[in-house]
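Undergrad: coords please:
(one chain, ligands or ions: 1)
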Amino acid sequence: EQINKGNYEHYMQKEIHEQPESLTTTMRGRLIRGGSCKSKSVLLGGLKDHLKTIRRSRRIIFIGCGTSYNAALAARPILEELSGIPVTMEIASDLLDRQGPIYREDTVVFVSQSGETADTLQALDYALENGALCVGITNTVGSAIARKTHCGIHINAGCEIGVASTKAYTSQIVVMAMLALAIGDDTISSQARREAIIDGLFDLPSKVKEVLKLNKEMKDLAQLLIAEQSLLVFGRGYNYATALEGALKVKEVALMHSEGILAGEMKHGPLALVDETLPIVVVATRDACFSKQQSVIQQLHARKGRLIVMCTKGDAASVSVGGSCRIIEVPQVEDCLQPVINIVPLQLLAYHLTVLRGYNVDQPRNLAKSVTTQ
Ligand code: G6P
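TA: Numbers count the residues shown, from 1 in each chain. Now for the predicted structure:
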């Protein structure tokens, strides 16, 4: 049942819409609410013998390619916050090109939907040679990365067929949020924060269901953008990853140039591109970066930018100051889980743009689901 399209026309469409279920499966049996002294916690069986070593590591390095790298980037802030350990990011090929230093005291987390990506696998061999503790986060039981790592977490998102990763991305973020919760589990000062995140995880599938109702709105937006040459996506903080991943979706399936931009870098180049014609999506949902994003929006308005602003429900007026813009309103969840919600409208936008432009949704030109050669 998992590998036919059911009532959907394309696998990508099906996989976008089944995210409430895939996220539920990812969390099944892993979140504990209730009980006596420790009321809320996470249970990650695949890590139980290694958590102490991970807590003692002097650095956590995330390694991945494509969407898997973006998922790790989305989870990085909460990992840093709850673990107190420096977290660095590596695109697998870049680490290999540089032969960057990896030490025995490092924990290296390999993120890969397929578990077979050649660059990620080679980076794993390299980290093993250097004596680091290697953790795998994959969607494929028995894959090379699952087998070769010392320990790991399966994302259990179910089989993903569309070349463009969608449900694996959101499940990867959730798994890494749970990893952060598990690492920080012995820290009393962050207990309330961890419990709020666990509550947020329980509610997440229903919030994803809610955001999927934007389908028609995103189809209308796709219609509006159908003939564009380019689309920019601005994000920061938790949603820098949303900008990169949203742009990657548009680029890989809709074959439209698209660039994810760290909003904090706007004045160092991207601002020169802004005019009345270039469409720009700005992710400005509520979190600690919100007022900075409001000021970015005002500056883009001042340059007559053509804006599409993604904001928290009820915030349309607060983000429209300084000019008019199209609004995408999304439900609010715990800040570190917001990237799971925010990517959904952009997945839908990429999907509809692709169909309207007449391109192959599930098998984009020149791309493969699993890149097993270098
Ligand atoms: C290919 C796929 C992407 C995927 C990337 C990494 O480029 O088209 O969707 O994100 O490989 O794959 P992995 O299986 O390692 O997550």
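Undergrad: so what strands line up beside the helix or strand where residue 307 lies?
TA: Using DSSP states H and E, residue 307 sits in strand 306-312. Sheet pairing here is set by DSSP bridges, and for strand 306-312 it gives strand 279-284 (parallel), strand 326-330 (parallel).
Undergrad: What residues are bridge-paired with residue 281?
TA: residue 233, residue 308.
Undergrad: Now do the contacts for it.
TA: 231-234, 243, 246, 307-310, 328, 346 (C-beta atoms under 8 Å, 6 or more residues apart in numbering). In this view, the C-beta of every residue, glycine as well, is placed from N, C-alpha and C.
Undergrad: ditto for residue 149
TA: By C-beta under 8 Å, 6+ apart, residue 149 lies in contact with 110, 124, 134-136.
Undergrad: likewise residue 51?
TA: Residue 51 neighbours (C-beta under 8 Å, 6+ apart): 182-183, 185.
Undergrad: Intersect these with the contacts of the ligand.
TA: On the criterion C-beta under 6 Å from any ligand atom, none of the entries of the contacts of residue 51 sits beside the ligand.
Undergrad: Could I get those in a markdown table, plus columns for pLDDT, secondary structure and neighbour count?
TA: Output for the contacts of residue 51, formatted as a markdown table (pLDDT from 0 to 100; DSSP: H, G, I helix; E, B strand; the rest coil; neighbours: other C-beta atoms under 10 Å):
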| residue | pLDDT | secondary structure | neighbour count |
| --- | --- | --- | --- |
| 182 | 97 | helix | 23 |
| 183 | 97 | helix | 23 |
| 185 | 92 | helix | 18 |
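Undergrad: And the contacts of whichever helix or strand comes after the strand holding residue 307?
TA: The helix or strand immediately downstream of strand 306-312 is helix 316-319, counting by DSSP H and E. Residues from elsewhere that reach helix 316-319 (C-beta under 8 Å, 6+ apart): 282, 284, 293-294, 297, 309, 311, 325, 327, 329.
Undergrad: ok, now which ones touch the residue minimising distance to the centre of the chain?
TA: With distances taken as C-alpha atoms, centre = their mean, residue 71 lies nearest the centre of the chain, 3.5 Å away. Residue 71 makes contact with 64, 111, 168-169, 172-173, 176, 241, 245 under the criterion C-beta under 8 Å, 6+ apart.
Undergrad: Return the member of those residues nearest to residue 336.
TA: Nearest to residue 336 among the contacts of residue 71: residue 173, at 8.8 Å, using C-beta to C-beta.
Undergrad: Quick check: next helix or strand after the strand or helix carrying that closest one?
TA: In the assignment (DSSP H and E), residue 173 maps to helix 167-183. The helix or strand immediately downstream of helix 167-183 is helix 191-211, counting by DSSP H and E.
Undergrad: and the angle from that following helix to strand 326-330?
TA: Using axes from the mean of the first three to the mean of the last three C-alpha atoms, to 10 degrees, the inter-axis angle of helix 191-211 relative to strand 326-330 is 120 degrees.
Undergrad: low-scoring stretches of the chain, by residue?
TA: Within the chain, the ranges that satisfy pLDDT under 70 run 1-2, 35-38.
Undergrad: Tell me which residues touch residue 171, please.
TA: Neighbour list for residue 171: 22-23, 25-26, 139, 155-157 [criterion: C-beta under 8 Å, 6+ apart].
Undergrad: okay, among these, which ones form the most distant pair?
TA: Pairwise distances across the contacts of residue 171 (C-beta to C-beta) peak at 12.9 Å, for the pair 23 and 139.
Undergrad: need the residues of the protein near the ligand, please.
TA: When proximity is defined by C-beta under 6 Å from any ligand atom, the chain lies next to the ligand at 65-68, 112-114, 117, 120, 163-165, 367, 369-371.
Undergrad: Now intersect those with the helices, please.
TA: Judged by DSSP state H, helices contain the following of those: 66-68, 120.
Undergrad: tell me the contacts of the residue of the stretch 151-300 of the chain found nearest the ligand?
TA: The stretch 151-300 of the chain approaches the ligand most closely through residue 165 (3.8 Å), counting by C-beta to the nearest ligand atom. Counting by C-beta under 8 Å, 6+ apart, residue 165 touches 66-68, 113.
Undergrad: Ok, residue 9 next?
TA: Going by C-beta under 8 Å, 6+ apart, residue 9 touches residue 355.
Undergrad: same thing but 10 Å
TA: Residue 9 is in contact with 351, 355, 361-362, counting by C-beta atoms under 10 Å, 6 or more residues apart in numbering.
Undergrad: Could you rank the residues you listed by neighbour count and give me the top one?
TA: The residue in the contacts of residue 9 with the most neighbours, by other C-beta atoms under 10 Å, is residue 351 (29 neighbours).
Undergrad: Now the one helix or strand it maps to: buried residues?
TA: Per DSSP H and E: residue 351 is located in helix 338-357. Neighbour-count burial for helix 338-357 flags 338-355 (criterion: 16 or more other C-beta atoms under 10 Å).
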